[in-house]
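Enquirer: sharing a sequence plus its predicted fold:
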Amino acid sequence: MEINPTLSTITHFVLRKLRFHVDERGIERIIQSLLMDPSIWDVMWHSKQPIKVVQETITILKNHELVTFDKERVVFSDKGIKWTQKLGISPLSISACTHCEGRGITFDNKSLKEFLAIQKNRPLPIQEYGQAYVTPQTTLARAAHAISYGDIDAKKIIILGAEDDLLGLALALTKRPKKVVVLEVDKRIVDFDNMWAKRLNLPLEARVFDLQQKLPKELISKFDTFFTDPPETISAINNFIFKGAHTLKSPGCSGYFGFTLHDSTLQKWQKLQKTILKNNFVITDIIQDFNEYENFSYIENTPAFTSSPLAFVPEKRWFHSHWYRIVALPGFLGNNEVVNVGKDLYYDKESASY
């Protein structure tokens, strides 16, 4: 390896190791993020690059003595600082609204207090299902965002395999939807939802359901809005997002889901967006970092931790995803196939966070 590597050299070595899409601009953004904040978990957030690319880039910088490790920080050496200056790389500058946490959505504190009290004893995430739930503020922001589009009031809503965030429960608590149906593989969450639905007389029904199976006929073409938060594999895109599409009544109906750059390259984003357009949907919104996740209880068992060149349990929240809204156009298509892919539903070569 070169004594003073170029961005091209680093990109080449990362690509050779990981064998998926990496580009020089992505490597540069990782370096900019390191210059802004030396915490490896914050770099994973702000760089907007797959976790594995961040890890490998830091390892290469360390091998070239461009950075050193100081407890929980990745710090540029004198040699590294001169190197970044020579390349003209400066710290990343983040400009996000501190009031709404960059979402552009606000909600009232009464809703937050009520939801905080109810979700206090929620089931904890299970790694087997790729579960990791968002903050209560995120769940309520999702609801407020959809309400602002007219996608909730007097509407039939379906949640597909993403109820570890308790979004279905939060929507039902507003009493705005006509009905909320939750399909969730985790019986603990189904029981939690149904308990509160019965106790508070909410328009909410939760069912145990594996999205690798066909949707029941009574759910097809019956809903106005769907929500999901798929694992980031091509199989999951088809089994979560487009099974959601199969439940929609007509053109003009909408769907919402999260997608990250932690477990996906831009090539996978391109495949996702091409499929959305091919199936006669239009993307109306992609809101950066809309979804903020609580730190995973099983983080030490994930590649994000075990493969990290500087492994420590994060104290600050670091995992975020972008929030998509799509709308059905005439001739829109869904999917209702049986796909028995097992673990491949949750993991591919780009996955690192669960």
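Expert: Yep, that arrived. Quantities reported herein were computed from a predicted structural model and do not represent experimental measurements.
Enquirer: and the pLDDT at Lys343?
Expert: pLDDT recorded at Lys343 is 69.
Enquirer: what are the contacting residues of stretch 28-46?
Expert: With contacts defined as CB atoms under 8 Å, 6 or more residues apart in numbering, stretch 28-46 is touched by 7, 47-49, 51, 53-54, 57-58, 61, 67, 70, 72-76, 84, 89-94, 262, 289, 304, 308-310, 314, 316, 318-320. Backbone N, C-alpha and C define where each C-beta goes, glycine included.
Enquirer: these in helices, which ones?
Expert: In helices, defined here by DSSP state H, the members of these are Leu7, Ile51, Val53, Val54, Thr57, Ile58, Leu61, Thr84, Ala304.
Enquirer: name all residues that make contact with the third one.
Expert: Think Val53. Val14, Leu18, Val22, Gly26, Ile27, Ile30.
Enquirer: quick one: which of these is nearest Cys253?
Expert: Nearest to Cys253 among those: Gly26, at 35.3 Å, using CB to CB.
Enquirer: convert the C-alpha atoms of the strand or helix carrying the closest one to PDB, please.
Expert: For Gly26, the host element (DSSP states H and E) is helix 24-36. C-alpha atoms of helix 24-36 as PDB (Å, rounded to 0.1, in the frame of the first residue of the first chain):
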ATOM      1  CA  GLU A  24     -14.500   8.200  -3.600                       C
ATOM      2  CA  ARG A  25     -17.100  10.700  -2.600                       C
ATOM      3  CA  GLY A  26     -18.400   8.200   0.100                       C
ATOM      4  CA  ILE A  27     -14.800   7.700   1.400                       C
ATOM      5  CA  GLU A  28     -14.300  11.500   1.500                       C
ATOM      6  CA  ARG A  29     -17.600  12.000   3.500                       C
ATOM      7  CA  ILE A  30     -16.400   9.400   6.100                       C
ATOM      8  CA  ILE A  31     -13.200  11.400   6.500                       C
ATOM      9  CA  GLN A  32     -15.200  14.700   6.700                       C
ATOM     10  CA  SER A  33     -17.300  13.100   9.400                       C
ATOM     11  CA  LEU A  34     -14.300  11.900  11.400                       C
ATOM     12  CA  LEU A  35     -12.900  15.500  11.300                       C
ATOM     13  CA  MET A  36     -16.200  16.800  12.600                       C
END
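Enquirer: residue numbering should commence at 47 henceforth.
Expert: Okay, residue one is now 47; in that scheme the one you just asked about reads as helix 70-82.
Enquirer: any idea how far it is from the middle of the chain?
Expert: Here helix 70-82 shows a centroid-to-chain-centroid distance of 21 Å under the convention CA atoms, centre = their mean, to the nearest Å.
Enquirer: what mean pLDDT does it get?
Expert: Mean per-residue pLDDT for helix 70-82: 97.
Enquirer: quick one: buried residues of it?
Expert: Within helix 70-82, the residues that count as buried by 16 or more other CB atoms under 10 Å are Gly72, Ile73, Glu74, Arg75, Ile76, Ile77, Gln78, Ser79, Leu80, Leu81, Met82.
Enquirer: using a markdown table, lay out the residues you listed together with distance to Val228.
Expert: Shown next, in a markdown table, are the buried residues of helix 70-82 (distance: CB to CB, whole Å):
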| residue | distance to Val228 |
| --- | --- |
| Gly72 | 37 |
| Ile73 | 41 |
| Glu74 | 42 |
| Arg75 | 37 |
| Ile76 | 38 |
| Ile77 | 43 |
| Gln78 | 41 |
| Ser79 | 37 |
| Leu80 | 41 |
| Leu81 | 44 |
| Met82 | 40 |
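Enquirer: any idea where the helices of the stretch 197-346 of the chain begin and end?
Expert: For the stretch 197-346 of the chain, applying DSSP state H, counting those that start in this stretch gives helices covering 213-219, 233-246, 280-282, 288-292, 312-324.
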